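[1] Generate coordinates for the sequence data below:
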Amino acid sequence: MDDHRSNQQPPTPEISLDELTARIDDLEVLVKKNIQWNEVVYNEVKRVRRRLTFMSIGSYVRLILLLTPFILGFIFLPPLIRQMKGTFESIIQPGKNAEESLNRAINTFKVWQSASSTNPER
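    Sure, this is the predicted structure:
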């Protein structure tokens, strides 16, 4: 007899066909609402992802715009500074007479003035 009891399944509640159909209809409505909400969330996630992509690209562009002057200055300024140092040392040389230094300064100024007057940007 014990074997007979162990093989029995627990009793299931009896559900009428109308109740079952109503529950299935309710579940279909809930699934449709869930799909609609999932579409809304998906579209919002796409918008946010696109915005974050543009923000990260923008931050890289700003970084490049910030670092470019420093890099160009590091490359181009040392030769210009050496050239200007050489020019000023040639203008004012210790041990030479003042008249010769003054003539060199005037000639250098004339060269700079002629270079700036031929420059079309000014």
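
[2] Around Ala105, how many other residues sit close by?
    By other Cβ atoms under 10 Å, the residues close to Ala105 number 14. C-beta here means a position set from N, CA and C on the backbone, and glycine is covered the same way.

[3] And it, which helix or strand is it part of?
    helix 98-118 (DSSP states H and E).

[4] For that helix, buried residues please.
    For helix 98-118, a neighbour-count test (16 or more other Cβ atoms under 10 Å) marks Arg104 as buried.

[5] send the alpha carbons of it over as CSV?
    Extracted C-alpha coordinates of helix 98-118, given in CSV (Å, rounded to 0.1, in the frame of the first residue of the first chain):
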residue,chain,number,x,y,z
ALA,A,98,79.1,101.5,-29.1
GLU,A,99,78.9,103.0,-32.6
GLU,A,100,79.3,99.6,-34.3
SER,A,101,76.7,98.0,-32.0
LEU,A,102,74.3,100.8,-32.7
ASN,A,103,74.8,100.4,-36.5
ARG,A,104,74.1,96.7,-36.3
ALA,A,105,71.0,97.4,-34.2
ILE,A,106,69.7,99.9,-36.8
ASN,A,107,70.4,97.5,-39.7
THR,A,108,68.7,94.6,-37.9
PHE,A,109,65.7,96.9,-37.2
LYS,A,110,65.6,97.8,-40.9
VAL,A,111,65.6,94.1,-41.9
TRP,A,112,62.8,93.3,-39.5
GLN,A,113,60.8,96.4,-40.7
SER,A,114,61.2,95.4,-44.4
ALA,A,115,60.2,91.8,-43.6
SER,A,116,57.1,93.0,-41.8
SER,A,117,56.1,95.4,-44.5
THR,A,118,56.4,92.7,-47.2
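
[6] residue ranges for the helices of the protein, please.
    Ranges of helices in the chain, per DSSP state H, are 2-6, 17-91, 98-118.

[7] which intervals of this protein have sub-threshold pLDDT?
    Applying pLDDT under 70 to the chain picks out residues 1-7, 10-12, 91, 93-98, 118-122.

[8] No further queries at this time; thank you.
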